[in-house]
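> Structure of the sequence below:
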Amino acid sequence: MGETDTHSWPGKALFSALPRDPEKEQALLRISLGSVVLLAYLVASSVYRSAHVYATLLAVTAYVAFGVATYVALTIAPARSRVRLTLTTIADQAIVTAALAVGGTAALPLLWVAFWFLVGAGCRYGQRMLALSCGVALVGLMGLAQWQPWWRANVAAAFGVGLSIAATSIYLAVLVKRLERQASTDPLTGLYNRVRLEQAIGRTLFTRAGESERSAMLLVDLDGFKEVNDSFGHAVGDELLCTFAEALVRRMRRGDTLARLGGDEFVVLARRVYDKQDALTIADGIHAILANMDTVAGYPVTVSCSIGVCLLTEGTGSRSLDARTLMRAVDSAMYRAKSRGMGKTEFVDMVGVVPGVA
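Numbers count the residues shown, from 1 in each chain. Okay, here's the model as predicted:
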C-alpha cells in the first residue's frame with residue numbers, strides 16, 4: 001500500500017542523482033551497473049564457451065530486466081510502498097544467489113554485489129531493510145552450501161563469506177544508527193530537531209483518528225533568554241537551554257516528543273491529551289520549570305516562556321493539515337501569548353486555518 005508520509009523511511013539517495021527518490025536511484029543503478037556486468041559476461045562468453053558462463057550471463061540479463069521493470073513501476077506508481085520495497089530488497093539478494101547457484105565458479109566475481117546491496121539497503125532505507133537484505137543473503141549462502149556443487153565442496157568459503165556479510169551488516173547497522181541519531185537531534189540539547197519533529201507530526205496526523213484526536217502540540221518560546229545571553233554570555237545561554245531541555249525530559253511523559261527548533265524555541269508533541277484542561281496542565285508544568293529556575297551556572301536569571309497550543313481534536317480538521325501548516329498556526333498562537341506579557345499560554349483557533357496557506 002502506498003504511504004502518504006514522505007518520511008516513511010529515513011534514507012536518501014546515496015549519490016544525489018535523485019535525492020528525494022532513493023528507490024528510483026536504486027533502479028537506475030540496477031540497470032547501469034547490471035549492464036556493465038552484462039557486457040563483461042558477454043565478452044567472457046565469447047572467450048570461455050562454458051555452460052556456466054552462459055548461465056551466469058542469463059542470470060545477469062534477468063537482473064537488468066528486473067531493474068528496467070522496477071524503474072517502470074516507480075515511474076507509473078511513484079508513491080512509496082513498504083511492500084514494494086520489501087519485495088525488491090529480497091529480489092536483489094535472491095537474484096545474486098540464483099546467479100551463484102547456476103554459474104558456479106563462473107559467477108564468483110559477482111560476490112561483491114551482495115555487499116553492495118547491503119550498503120544500499122542500509123544507507124537508503126535504514127536498519128530494517130539492512131537486516132532483511134542480510135537475512136536473505138545468509139539464507140541464500142546456506143542453500144548454496146547444501147545444494148550447489150562448488151559451494152558444497154567449499155563449505156569453508158561459504159562460512160567465511162557468511163561471516164563477512166554478517167560482520168558488515170552489524171557494522172553498517174551501528175553506523176546507520178549513529179548517523180540517523182546525528183541527523184535527527186539538536187547537537188546542543190540532544191532533543192529532536194525540526195526535521196525529526198515534522199516526521200513525528202506527520203505520523204500523528206496520518207494515524208488513525210482515535211489516536212490523533214488525543215494529541216496536542218505546544219510551541220514554547222523562552223522570555224528573557226536574550227537578556228541572559230547579553231548579560232552573561234553565550235556559554236551561560238547555552239547552559240540555560242540545556243538545563244531547560246533536561247527539565248523538560250524529566251517532566252514529560254513516556255511517548256511525548258520533545259524538540260528544539262533552534263534558538264530558544266522548543267516543541268512538545270504530547271500524547272493522551274483529551275481536552276483543553278489536559279493541555280493546560282502540561283503548559284503549567286512547563287511554566288513551573290522556569291519559575292523554579294533562579295540561577296544558571298551560578299548566575300541569577302529571570303526567565304519565563306510563552307506557549308502556543310494546538311489540540312488535535314475532532315472538529316479541528318487536523319487530519320487535513322500538514323506539519324508545516326500546523327507549525328505556522330501554533331507559532332501564531334505563541335506570538336499572541338507573548339503579546340499578552342511574560343508567562344502566558346494561548347490556544348490555536350483552527351477556524352480559518354487552510355492547509356498549505358501561510
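
> Which helix or strand contains the residue lying farthest from the centre of the chain?
Going by CA atoms, centre = their mean, the residue of the chain most distant from its centre is R49, 47.8 Å out. In the assignment (DSSP states H and E), R49 maps to no helix and no strand.

> State the pLDDT value of G317.
pLDDT, G317: 48.

> same deal with A98?
pLDDT, A98: 96.

> Identify all contacting residues around stretch 228-244.
Residues outside stretch 228-244 that contact it (CB atoms under 8 Å, 6 or more residues apart in numbering) are 188-189, 222, 225, 260, 264, 266, 289-290, 293, 296-297, 299, 301, 303. All C-beta spots, glycine's among them, are computed from the backbone N, C-alpha and C.

> now do stretch 162-173
For stretch 162-173, contacts defined as CB under 8 Å, 6+ apart pick out 114-115, 118-119, 122-123, 127, 130-131, 133-134, 137-138, 141-142.

> same question, stretch 53-69
By CB under 8 Å, 6+ apart, stretch 53-69 touches 27-31, 34-35, 37-38, 41-42, 44-45, 91, 95, 98-99, 102-103, 106-107, 110.

> Same question for stretch 266-283.
191, 197, 200-201, 204, 211, 214-222, 244-245, 248, 252-253, 255-261, 286, 307, 309, 311, 313, 345, 347.

> What about these, which are in strands?
The strands, defined by DSSP state E, take in 215-222, 257-261, 307, 309, 311, 345, 347 from the contacts of stretch 266-283.

> just to revisit the earlier point, pull out the buried members of the contacts of stretch 162-173.
Buried members of these, scored by 16 or more other CB atoms under 10 Å, are A114, F115, L118, G122, C123, Q127, L130, S133, C134, A137, L138, L141.

> could you list every residue that touches the third one?
With contacts taken as CB under 8 Å, 6+ apart, L118 has the following neighbours: L130, S133, C134, A137, I165, T168, S169, L172.

> And the pLDDT for the third one?
Going back to what we said before, that points to C134. Looking at C134, its pLDDT stands at 96.

> again with the fifth one
According to the prediction, I165 has pLDDT 96.

> Next, the angle strand 257-262 makes with the host helix or strand of it.
According to DSSP H and E, I165 maps onto helix 155-184. If you take axes from the mean of the first three to the mean of the last three CA atoms, to 10 degrees, helix 155-184 sits at 60 degrees to strand 257-262.

> tell me which residues in helix 155-184 are buried?
Buried residues in helix 155-184, counted by 16+ other CB under 10 Å: A157, A158, V161, G162, I165, T168, S169, L172, A173, V176, S184.

> what does stretch 235-247 give?
Within stretch 235-247, the residues that count as buried by 16+ other CB under 10 Å are V236, G237, E239, L240, L241, T243, F244, A245, A247.

> Tell me where the stretch 201-350 of the chain has helices.
Per DSSP state H, counting those that start in this stretch, the stretch 201-350 of the chain carries helices over the ranges 209-212, 225-232, 234-251, 276-291, 323-339.

> and T70, which of those helices is closest to it?
Closest of the helices of the stretch 201-350 of the chain to T70 is helix 323-339, at 29.8 Å (criterion: CB to CB).

> How far away from the center of its chain is the closest one?
How far helix 323-339 lies from its chain's middle: 26 Å, per CA atoms, centre = their mean, to the nearest Å.

> Between strand 257-262 and that helix, find me the angle.
70 degrees.

> now the angle from helix 323-339 to helix 276-291?
Between helix 323-339 and helix 276-291, the angle comes out at 60 degrees (the same axes, to 10 degrees).

> other SSEs contacting helix 323-339?
helix 194-205, strand 215-223, strand 304-312, strand 345-347 (3 or more CB pairs under 8 Å, 6 or more residues apart in numbering; DSSP states H and E).

> As TSV, the ones you listed with mean pLDDT and distance to Q277 would be great.
Converted to TSV, the helices and strands packed on helix 323-339 look like this (pLDDT from 0 to 100; distance: least, CB to CB, whole Å):
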stretch	mean pLDDT	distance to Q277
helix 194-205	83	20
strand 215-223	93	11
strand 304-312	92	11
strand 345-347	93	12
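
> what about the closest residue to N193 other than its chain neighbours, how many neighbours?
Sequence neighbours aside, D186 is the residue nearest to N193 in space, at 4.9 Å (criterion: CB to CB, 6 or more residues apart in numbering). By other CB atoms under 10 Å, 20 other residues sit near D186.

> ditto for the one 3 residues further on
T189: 21 surrounding residues under other CB under 10 Å.

> Run through the bridge partners of the nearest residue to V249 once chain neighbours are set aside.
Nearest residue to V249 in three dimensions, chain neighbours excluded: L258, at 6.4 Å (CB to CB, 6+ apart). Here L258 sits in beta bridges with V268, going by DSSP bridges.
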